[in-house]
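*Asks:* Need coordinates for the following:
(one chain, ligands or ions: 1)
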Amino acid sequence: SGVVVDAGKCTECGDCVSSCPSNILSLPEGAGKSAEETKETSPEPSQGSAPAAKVEKKAAPVPGGDVWSGVWVVIEYNRGEVAPVSWELLGEGRKLANDIGCELAGVLVGHDVEAVIPEAFAHGAEKVYVVDDPVLKDYRTQPYAEAITDLVRRYQPEIILMGATAMGRDVFPVVATKMQTGLTADCTVLSIDPNSKLLLQTRPAFGGNIMATILCKTRRPQMATVRPRVMAMPERVEGRTGEVVREELGMAEDEILTKIVDFIKGDAKSIFLDKAEILVAVGLGLASKKNMVLAEELAEVLGATLAGTRGAVEAGWITHDRQVGQTGVTVRPKLYIAIGISGAIQHLVGMETSDSIIAINNDPDAAIFRVATYGIVGDLNEVVPALTAEFKKRLQ
Ligand code: FAD
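*Replies:* Residues are numbered from 1 along each chain as shown. From the prediction side, this is the model:
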């Protein structure tokens, strides 16, 4: 939409054009003359009731012109595992590519990736760009960024997406910087503007108080990372095939500044929330930090990961990276145990699609019960130790 200018105050001096950080303003034709000239030639704004004039945004030329085409999804593959968000994004990419009328491709950077190629087709890719090299065995920023950027420069995709995982958050900003284009991190909604065909990249902003839709109008590719488990997993269709495009890395081990010395796998306690199968989440109902031991013991028995509400983060019981919800992480574990959590909408949006939800709350009207598979109305100080003892008996 245009920027609304108060015609009563605008002298058409042009200062806004030169100081606009986004370079989106221009003066209407014939404007930008000296103040004296302006006085003579401009119609006198009627006091108070002047209609707001629109300053049109100037469309800078897109580098590469029309040749930027296609929706790409970087398939995150590391140590024999594909991050499931990659498939979620192929599902989402399919819709975007259909709306634009272009091709959907997967990008596979790593070592020994052959087995992943048919999976990419099965999840909807029409083409897969592959860079397979021993140097790419373990993830490192430099060679991965180089490989992706080389592909982007050579084949010029219009849109490129990746999961907002540790890897995506690390490599995509480097690629965006190399390409001198924009990147919207942590998107929760993506769509295509039907008129301009631009990618509408929506994400929470200002602490989640607003949802901002961000556009990358003049640079290519349009880049976004998307939180895992926000987009639906597409149907996997066995036997679908497509084109495979292979490229060389063009980089040797001795050119890479970082070396992997050791790889220490995280346990259930320390893994990222979006990868956890069982989450034990705490809320302010816990009343004090010393009661965290109740949740910790339950998590220990179940091999679960601890999480919680913003209330629990603000109380200092868990760190912010464990916060579930609108301004935290979106999760979809097999089991979500909510202890002393009221079920505010900002929390529910981050966990309501979990496979099973057990909620423990002493208020029978608590909103969390509306999304719970099993609701236990009772005092968490009694219910949680009883559950822990019972699970201990059955799981040992
Ligand atoms: P409360 O709402 O205080 O609930 C405590 C619950 O514990 C109550 O239901 C109570 O009945 C129960 N209880 C008390 N004692 C016991 C007991 N002995 N046994 C059993 N049950 C008991 N919140 C998030 O979680 N994630 C977000 O990402 C997030 N983003 C936000 C963004 C914005 C812009 C805003 C405005 C808010 C956001 N919030 C978020 C905050 C959210 O609105 C709630 O304030 C918060 O989720 C409430 O946390 P809670 O459930 O721990 O606490």
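
*Asks:* Buried residues in stretch 278-294, which are they?
*Replies:* 278, 279, 280, 281, 282, 283, 284, 285, 286, 291, 292, 294 (16 or more other Cβ atoms under 10 Å). Where you see a C-beta, it was placed from the backbone N, CA and C, and this is true even at glycine.

*Asks:* Could you see whether the ligand lies near that stretch?
*Replies:* Yes. Judged by Cβ under 6 Å from any ligand atom, stretch 278-294 comes into contact with the ligand at 283, 284, 285.

*Asks:* Now residue 114, what are its backbone angles?
*Replies:* Main-chain torsions, residue 114, degrees, to the nearest 10: phi -50, psi -40.

*Asks:* Count the neighbours of it for me.
*Replies:* Counted with other Cβ atoms under 10 Å, the neighbours of residue 114 add up to 10.

*Asks:* ok, what's across the strand from the nearest residue to it once chain neighbours are set aside?
*Replies:* Spatial nearest neighbour of residue 114, excluding adjacent residues (Cβ to Cβ, 6 or more residues apart in numbering): residue 132 at 7.4 Å. Listed by DSSP bridges, the beta-bridge partners for residue 132 are residue 110.

*Asks:* quick one: residue 5 and the ligand, what's the gap?
*Replies:* 31 Å (Cβ to the nearest ligand atom, to the nearest Å).

*Asks:* Next one: the residue nearest to residue 114, what pLDDT does it get?
*Replies:* On pLDDT, residue 132 comes in at 97.

*Asks:* That one reaches residue 117, doesn't it?
*Replies:* No. At 9.7 Å, residue 132 and residue 117 do not qualify as touching, with contact defined as Cβ atoms under 8 Å.

*Asks:* Can you pull the residues that touch both of those two?
*Replies:* Counting by Cβ atoms under 8 Å, 6 or more residues apart in numbering, the residues touching both residue 132 and residue 117 are residue 108.

*Asks:* next one: phi and psi at the closest residue to the ligand within the stretch 1-150 of the chain?
*Replies:* Residue of the stretch 1-150 of the chain nearest the ligand, by Cβ to the nearest ligand atom: residue 85 (18.9 Å). Note on residue 85: backbone dihedrals following degrees, to the nearest 10 are phi -60, psi -20.

*Asks:* Can you tell me the closest non-neighbouring residue to it?
*Replies:* Nearest-residue entry for residue 85: residue 163, 3.3 Å, with adjacent residues in sequence omitted and distances by Cβ to Cβ, 6+ apart.

*Asks:* Could you count how many residues lie near the one you found?
*Replies:* Residues near residue 163, counting by other Cβ under 10 Å, number 28.

*Asks:* Let me see the confidence value for the residue of the stretch 1-150 of the chain closest to the ligand.
*Replies:* pLDDT, residue 85: 94.

*Asks:* That one touches residue 232, doesn't it?
*Replies:* No. If you go by Cβ under 8 Å, residue 85 and residue 232 don't touch, sitting 11.5 Å apart.

*Asks:* quick one, which of the two is more surrounded?
*Replies:* Neighbours per residue, other Cβ under 10 Å: of residue 85 and residue 232, the larger number sits with residue 85, 27 against 10.

*Asks:* OK, contacts around the more buried one?
*Replies:* Residues near residue 85 by Cβ under 8 Å, 6+ apart: 76, 163, 164, 165, 168, 226, 227, 228, 229, 231, 274.

*Asks:* Try it again at 10 Å.
*Replies:* For residue 85, the contacting residues are 73, 75-76, 92, 161-165, 168, 225-231, 233, 274, by Cβ atoms under 10 Å, 6 or more residues apart in numbering.

*Asks:* what ranges do the helices span in this protein?
*Replies:* For the chain, the helices defined by DSSP state H occupy 15-19, 35-41, 85-100, 116-122, 141-155, 166-179, 292-302, 310-314, 345-348, 368-371, 380-395.

*Asks:* buried sites along stretch 230-242?
*Replies:* By neighbour count on 16+ other Cβ under 10 Å, the buried set for stretch 230-242 is 230, 231, 234, 242.

*Asks:* In CSV, list the C-alpha atoms belonging to stretch 155-164.
*Replies:* C-alpha atoms of stretch 155-164 as CSV (Å, rounded to 0.1, in the frame of the first residue of the first chain):
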residue,chain,number,x,y,z
TYR,A,155,19.7,-20.9,-11.2
GLN,A,156,18.0,-17.7,-9.8
PRO,A,157,15.0,-18.9,-7.8
GLU,A,158,12.4,-16.3,-7.1
ILE,A,159,11.7,-17.6,-3.5
ILE,A,160,13.8,-19.8,-1.2
LEU,A,161,12.6,-21.2,2.1
MET,A,162,14.2,-23.1,4.9
GLY,A,163,13.2,-24.3,8.4
ALA,A,164,13.8,-21.8,11.3
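
*Asks:* Name the residues of the chain found near the ligand, please.
*Replies:* In this structure, the chain approaches the ligand at residues 207-209, 283-285, 309-312, 323-328, 340-342, 344, 346-347, 350, 360-363, 366, 379-381, judged by Cβ under 6 Å from any ligand atom.

*Asks:* In PyMOL, how would I select the buried members of those?
*Replies:* Buried residues among those (16+ other Cβ under 10 Å), as a PyMOL selection:
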select buried, resi 283+284+285+309+310+311+312+323+324+325+326+327+328+340+341+342+344+347+350+360+361+366+380
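
*Asks:* Tell me the one among the buried residues of stretch 230-242 nearest to residue 194.
*Replies:* Nearest to residue 194 among the buried residues of stretch 230-242, counting by Cβ to Cβ, is residue 231 at 20.1 Å.

*Asks:* That closest one reaches residue 89, doesn't it?
*Replies:* Yes. At 6.5 Å, residue 231 counts as touching residue 89 under the criterion of Cβ atoms under 10 Å.
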